[in-house]
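K.L.:
Structure here, sequence nowhere to be found:
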């Protein structure tokens with residue numbers, strides 16, 4: 001049953017590509033693309049709901065931004081909103097950066113991150129996580145993840161190199177509710193230097209110390225991480241297990 005609709009313009013002028021909202025659904029971020037697609041233009045806006053009042057528009061295409069030069073892959077990009085709605089994340093270029101908007105401080109930052117992934121936050125909005133690699137087929141940092149502290153995300157961050165998994169569609173990130181753990185799933189790859197296959201797997205780090213606490217690999221495949229449990233002692237991920245088959249599995253941290 002459709003209970004509400006948000007009309008951007010008309011079906012011939014624009015179409016919605018992605019939406020994200022705060023936990024109470026009062027703050028929405030909508031990303032859309034214009035038609036016709038001659039110059040592949042698009043953008044994102046922040047909206048109050050249920051009043052549908054536009055709070056901010058043109059988040060991606062200020063003068064001189066990559067969006068003005070057609071360097072954003074609109075169909076594949078994603079937007080994210082933090083639990084309270086204070087922070088909004090939008091794509092900034094084709095493959096290497098995202099823009100974090102702090103609505104409370106009325107400022108924004110450009111940080112490394114693949115725009116094709118959602119940006120997870122912890123519940124207290126202390127940190128966020130982005131997928132920071134690879135930048136090319138020969139980049140050694142396959143599956144490098146970046147955790148940025150939101151007080152100063154450009155200068156205060158930590159990177160975690162899983163060194164496997166470069167397929168965007170089969171890689172995922174998740175943060176625990178308390179911001180203590182970062183989980184990553186990767187699709188695996190062939191290491192030409194070591195002449196060996198790095199199988200798909202799931203990796204979990206303790207963020208503050210950088211300690212690797214969980215790292216399992218399977219000949220099948222690892223996919224989407226559904227999230228951490230309420231007490232952060234376990235998480236759920238999709239897995240193609242070589243013995244037990246395809247399904248959602250519970251992993252205890």
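P.N.:
Yep, that arrived. Values in this document were obtained by computation on a predicted structure and should not be read as measured data.
K.L.:
right, and residue 32 touches residue 8 too?
P.N.:
Yes - contact status for residue 32 versus residue 8: in contact at 5.4 Å, counting by Cβ atoms under 8 Å. Where you see a C-beta, it was placed from the backbone N, CA and C, and this is true even at glycine.
K.L.:
So what touches the helix or strand where residue 32 lies?
P.N.:
Per DSSP states H and E, residue 32 falls inside strand 27-34. Contact with strand 27-34 is made by 6, 8, 13-22, 40-49, 55, 59-60, 74-75, 77-81, 85, 88, 90-91, 103, as judged by Cβ atoms under 8 Å, 6 or more residues apart in numbering.
K.L.:
Buried among those residues? Make that a PyMOL selection.
P.N.:
A single PyMOL command selects the buried members of the contacts of strand 27-34 (16 or more other Cβ atoms under 10 Å):
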select buried, resi 14+15+17+18+19+20+21+22+41+42+43+44+45+46+47+49+59+60+74+77+78+79+80+81+85+88+90+91+103
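K.L.:
Now go through the contacts of strand 27-34 and say which are in strands.
P.N.:
Of the contacts of strand 27-34, the ones assigned to strands by DSSP state E are 14-21, 42-48, 55, 80-81, 88, 90-91.
K.L.:
Between residue 32 and residue 8, which contacts overlap?
P.N.:
Taking Cβ under 8 Å, 6+ apart as the contact rule, residue 32 and residue 8 both touch 14-16.
K.L.:
quick one: which of those is nearest residue 125?
P.N.:
Proximity of those to residue 125 (Cβ to Cβ) peaks at residue 16, which lies at 25.7 Å.
K.L.:
The spatially closest residue to that closest one that is not a sequence neighbour: neighbouring residues, count only.
P.N.:
Leaving aside its chain neighbours, residue 16 sits nearest to residue 32 (5.2 Å; criterion: Cβ to Cβ, 6 or more residues apart in numbering). Applying other Cβ atoms under 10 Å, we find 19 residues neighbouring residue 32.
K.L.:
is residue 32 in a bridge, and if so with what?
P.N.:
residue 16, residue 43 (DSSP bridges).
K.L.:
same question, residue 127
P.N.:
residue 149.
K.L.:
repeat for residue 241
P.N.:
For residue 241, the beta-bridge partners are residue 245 (DSSP bridges).
K.L.:
quick one: contacts for it?
P.N.:
Contact analysis of residue 241 by Cβ under 8 Å, 6+ apart lists 218, 220, 247, 249.
K.L.:
Okay, now the unreliable bits of the stretch 51-200 of the chain?
P.N.:
62-64, 66-70, 133-143, 165-170, 190-191, 194 (pLDDT under 70).
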